[in-house]
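> pasting a predicted model and its sequence here:
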Amino acid sequence: MALAKMKHLHVFGKLVHREAILQRLQELGFVELDSGAPVAAEWSLEQKKQEEAELEREIASLNGALAMMERFHPRKPTFIQQFSGIKTGMTTVQYQNFLAQEEKAATVIEKCRELETSWTRLENNLAAVAGRLAELQPWLKLDIPLSALDQRGPVRALLVKVPPRSKRALGQAFSELDGPTVYVEEVGVEKTGLYWLVIFHQKMESQVTKALSENQAILVELGKEDQTPRDIATQLVVQKERLLAEQERLRQEIDGLVQERPLLQALHDAKDNRLVRIRTVGELPCSERTFYLEGWVMAKDLGRLKKAIEDIDPVTYIEVREPLPEENVPVDFSNHPLIRPFEVIVQVFGYPKYGEIDPTPFMAPFFFIFFGITLADVGYGAALSALCWYLLRKVKMAGMGKKLFQMLFLGGLSSMFFGLLFSGYFSDILPIPALWFNPTVDPNRLLVISLILGVAQLYLGFIIQGIIRLRAGKPGEALRNEGLWLLFLTSLILLLSGGALGLGAYQNFFTVFALFSTLAVVLGKSLGEPGTILEKIKRLPGALFSLYDAVNFFSDLLSYSRLMALALSSAIIGQVVNYFVRLLKPGIANPLGLIAGLAIFLFGHLLNLLLGALSSYVHSSRLQYIEFFGKFFEAGGRPFRPFSKKYEYIELNEEGEA
């Protein structure tokens, strides 16, 4: 129930074994490497820039081929993969077989590059053909070759696009021109414009051009082919069909290449890990024959580490020492498996510093109880635990994601337990009596329980802070700031609630007890601190004012009333859903009511479950972060990040099952 014990590691070895040792450390994945400063002038950093650049080029080529495959054959995630990401499962043997096929992979990559180039060319050609067909479409009724529109001789011919609103005005303008008649033929009509063939004498050119401009007409250039627009379009359709056939052939070739995607994925991840290792090599000091590295390892893994390095080179020197006070030591948790899922709550808030108290084992029981009280339903808890159990079995999770779903699984069990105590079976759908009491009938009792739990957790926070002071060698501060303060708070609670607790006969004693504890706190704050008598007397007003902190305590305590509020809201929303279901009188004799009632029941309770689970998680976490952690926990530590292999595309199954 603490943080994992860390050791600082120094390794001196032969230069020829450097990469083998690094590779083994990366495979083991339990050593965090520091860059390490050179220990002497003769040490240097040997960076393999050429190999690094070559690996980067190979990874870029693999990424390009995989991107091309994803473009034509995108992987379709299942419902679960939408949350966990899509990875290709393979056994270790399959993975190693793929790594031995680099020549085949190079051929696949080159073929992908060729196919993508050909596909791009075809797409450009198809786009050009489609654009030309769209350009010719309004002019298909033009029965003269485009070359006949060449501006030679005394006759001029123009192709014009006229806005529909300008049709009448432009026709009127042409009829009023001074000179030979202007011939106009409407070739095509679309919503966006009218397509005209305009023929006129050369000497009318300036007048015609002016009339067209004044009426927002646009001159159209279709080309100079010695064919009509329809003949050109017919040829383009044939060309388009040929391009589409060629595109289909390319698609079939791509379909065949997609079968090699696992090969490229395996090589990509292997080379990416290799690149990380090569870059790490460049950060390790080395001399002509030796290398040096330093880092951090958990004490429990030290034996495995030494054996792994000795298997490579028995004469490699390994030195291990305890962390120094000034070092920023990475931290990792070492808790019981039942406590471990609740570490995610601490991780979201921040890691404790090395050597400090891990709040997880103190917080976990309270979070478990709070979550159960706020959801408190057998049906909801069973559904939540079943969903989390299914996801944990079907999805390969690690880190915070795995801990979160494990914690929610336990939260579902807690909800089932409190559902039995409070008679929560999809709210009140089943008339089973409560094993303890029903909060919707007796909410005051739940409020009292919530406040008692709040007092217990807040007191625990003060006690932990006192322990921290004792460990730091400050027993006087622990007594004054936590011991006397707890005495004072206890006296206030007894004084204010003694009658409600059935202790009214001791009210006079509680009054004296409160006065005594108040005096003890004031004297402890003022006289307990070191200083002259005058300085201690001057601290009396401040000590008196510190009693106001009791208001903060009771403010924190009232925050725990949210447990009662959330439990009631979830139960009452469920009761409302059940009320509407019962209004429909579902049954065999009323099939429509049965179907509608079932739909309302499923939708309403599913929504209530989602809202309730979210609220339970958020508010239970808030009580830890603000009320509990605020008493003793500051965070500020950095997580342990071991040097290990990472996989972007594949997922290895060490048991040998894909």
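Thanks, I have it.
> so where do the helices sit in the stretch 301-450 of the chain?
Using DSSP state H, counting those that start in this stretch, the helices assigned to the stretch 301-450 of the chain run over residues 302-312, 343-349, 360-375, 378-394, 399-422, 443-471.
> check the stretch 451-600 of the chain too.
475-477, 484-497, 507-527, 533-538, 540-546, 549-559, 562-583, 591-622.
> mind telling me which of those helices the model trusts least?
Of all the helices of the stretch 451-600 of the chain, mean pLDDT reaches its minimum on helix 533-538 (a mean of 67).
> mean confidence for the helix or strand Leu9 falls within?
Element membership for Leu9, per DSSP states H and E: strand 6-14. Across strand 6-14, pLDDT averages out at 93.
> before we move on, what about stretch 183-197?
In this model, stretch 183-197 has an average pLDDT of 91.
> rewinding a little: would TSV of the helices of the stretch 451-600 of the chain with mean neighbour count and distance to Leu263 be doable?
Using the backbone N, CA and C atoms, a C-beta is placed for each residue, glycine as well. Converted to TSV, those look like this (neighbours: other CB atoms under 10 Å; distance: least, CB to CB, whole Å):
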stretch	mean neighbour count	distance to Leu263
helix 475-477	15	65
helix 484-497	18	66
helix 507-527	17	72
helix 533-538	11	78
helix 540-546	14	70
helix 549-559	14	57
helix 562-583	19	51
helix 591-622	17	42
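> sorry, back to before: nearest to Val551, out of the helices of the stretch 301-450 of the chain?
In terms of CB to CB, the element of the helices of the stretch 301-450 of the chain nearest to Val551 is helix 443-471, at 13.6 Å.
> now do that closest one against helix 360-375, angle only.
170 degrees (axes from the mean of the first three to the mean of the last three CA atoms, to 10 degrees).
> how is the chain divided into domains?
144-227, 340-632 (automatic domain parsing).
> circling back: tell me the helices and strands packed up against the strand holding Leu9.
On a contact count with 3 or more CB pairs under 8 Å, 6 or more residues apart in numbering; DSSP states H and E, strand 6-14 meets strand 290-298, helix 302-312, strand 317-321.
> can you redo the ones you listed as JSON lines with distance to Asp150?
Listed next are the helices and strands packed on strand 6-14 as JSON lines, based on distance: least, CB to CB, whole Å:
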{"stretch": "strand 290-298", "distance to Asp150": "80"}
{"stretch": "helix 302-312", "distance to Asp150": "83"}
{"stretch": "strand 317-321", "distance to Asp150": "89"}
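> can you tell me which of the ones you listed is most buried?
strand 290-298 (a mean of 21; mean count of other CB atoms under 10 Å).
> and that one, how far from the chain's centre?
Using CA atoms, centre = their mean, to the nearest Å, the mean C-alpha position of strand 290-298 is found 32 Å from that of the whole chain.
> before we move on, the earlier item: any chance of JSON lines for the helices of the stretch 301-450 of the chain, columns distance to Gly29?
Listed next are the helices of the stretch 301-450 of the chain as JSON lines, based on distance: least, CB to CB, whole Å:
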{"stretch": "helix 302-312", "distance to Gly29": "11"}
{"stretch": "helix 343-349", "distance to Gly29": "19"}
{"stretch": "helix 360-375", "distance to Gly29": "23"}
{"stretch": "helix 378-394", "distance to Gly29": "21"}
{"stretch": "helix 399-422", "distance to Gly29": "13"}
{"stretch": "helix 443-471", "distance to Gly29": "32"}
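> and those helices, which is most packed in?
Ranked by mean neighbour count, those are led by helix 360-375 with a mean of 24 (mean count of other CB under 10 Å).
> average model confidence for that one?
Average pLDDT, helix 360-375: 97.
> same thing with stretch 108-122?
pLDDT averaged over stretch 108-122 gives 94.
> just the CA atoms of that stretch, as CSV, please.
Only the C-alpha atoms of stretch 108-122 are listed here, as CSV (Å, rounded to 0.1, in the frame of the first residue of the first chain):
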residue,chain,number,x,y,z
VAL,A,108,4.9,-4.1,-52.2
ILE,A,109,5.9,-0.6,-51.3
GLU,A,110,7.2,0.1,-54.8
LYS,A,111,4.0,-1.4,-56.3
CYS,A,112,1.9,0.8,-54.0
ARG,A,113,3.8,3.8,-55.2
GLU,A,114,3.3,2.9,-58.9
LEU,A,115,-0.4,2.2,-58.4
GLU,A,116,-0.9,5.4,-56.6
THR,A,117,0.9,7.4,-59.3
SER,A,118,-1.2,5.6,-62.0
TRP,A,119,-4.4,6.2,-60.0
THR,A,120,-3.6,9.9,-59.6
ARG,A,121,-3.0,10.2,-63.4
LEU,A,122,-6.3,8.5,-64.1
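> for that stretch, buried residues please.
The neighbour-count check on stretch 108-122 (16 or more other CB atoms under 10 Å) flags Val108, Ile109, Lys111, Cys112, Leu115, Glu116, Trp119, Leu122 as buried.
> immediately after the helix or strand of the chain with the lowest mean pLDDT, which helix or strand?
One helix or strand of the chain scores below all others by mean pLDDT, DSSP states H and E: strand 44-45, with a mean of 60. Next helix or strand after strand 44-45 toward the C-terminus (DSSP H and E): helix 49-72.
> contacts only, for Asn215.
Neighbouring residues of Asn215 by CB atoms under 8 Å, 6 or more residues apart in numbering: Val162, Pro163, Ser166, Ala169, Leu170, Ala173.
> look up phi and psi at it.
Main-chain torsions, Asn215, degrees, to the nearest 10: phi -110, psi 20.
> the helices in the stretch 1-150 of the chain, which residues?
Ranges of helices in the stretch 1-150 of the chain, per DSSP H, counting those that start in this stretch, are 18-28, 49-72, 81-84, 92-99, 102-136.
> return the member of the buried residues of stretch 108-122 nearest to Gly355.
Ile109 (51.2 Å).
> let's have the domains of the chain in CSV, adding distance to Glu56.
Formatted as CSV, these follow (distance: least, CB to CB, whole Å):
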stretch, distance to Glu56
domain 144-227, 48
domain 340-632, 27
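> could you measure from Lys224 over to Lys161?
Separation of Lys224 from Lys161 (CB to CB, to the nearest Å): 19 Å.
> between those two, which one's more packed in?
Neighbours were counted for Lys224 and for Lys161 using other CB atoms under 10 Å; Lys161 has more, 17 against 11.
> mind listing what the more buried one touches?
Contact partners of Lys161, counting by CB under 8 Å, 6+ apart, are Pro138, Gly193, Leu194, Tyr195, Trp196, Ala217, Ile218, Val220.
> the same query, at a cut-off of 7 Å, please.
For Lys161, the contact set (CB atoms under 7 Å, 6 or more residues apart in numbering) comprises Gly193, Tyr195, Ala217, Ile218, Val220.
> ok, now which ones touch Ile373?
Phe418, Leu563, Ala567.
> typo on my end, Leu257
Met69, Val108, Lys111, Cys112.
> next one: Val220
Per CB under 7 Å, 6+ apart, neighbours of Val220: Leu159, Val160, Lys161.
> now those as CSV including secondary structure and pLDDT?
Formatted as CSV, the contacts of Val220 follow (DSSP: H, G, I helix; E, B strand; the rest coil; pLDDT from 0 to 100):
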residue, secondary structure, pLDDT
Leu159, strand, 92
Val160, strand, 93
Lys161, strand, 93
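> without its sequence neighbours, what residue ends up closest to Gly604?
Val577 (3.3 Å; CB to CB, 6 or more residues apart in numbering).
> Leu607 is in contact with the one you found, correct?
No: with contacts counted by CB atoms under 7 Å, Val577 stays clear of Leu607, the gap being 8.5 Å.
> where does this structure dip in pLDDT?
Scanning the chain with the threshold set as pLDDT under 70 gives 1, 35-47, 78-84, 527-539, 542-543, 654-658.
> before we move on, the earlier item: could you work out the most separated pair of the contacts of Leu257?
Met69 and Lys111 (11.3 Å).
> quick one on the thing from earlier: a markdown table for the buried residues of stretch 108-122, including distance to Ile232?
Shown next, in a markdown table, are these (distance: CB to CB, whole Å):
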| residue | distance to Ile232 |
| --- | --- |
| Val108 | 41 |
| Ile109 | 41 |
| Lys111 | 36 |
| Cys112 | 36 |
| Leu115 | 31 |
| Glu116 | 31 |
| Trp119 | 26 |
| Leu122 | 21 |
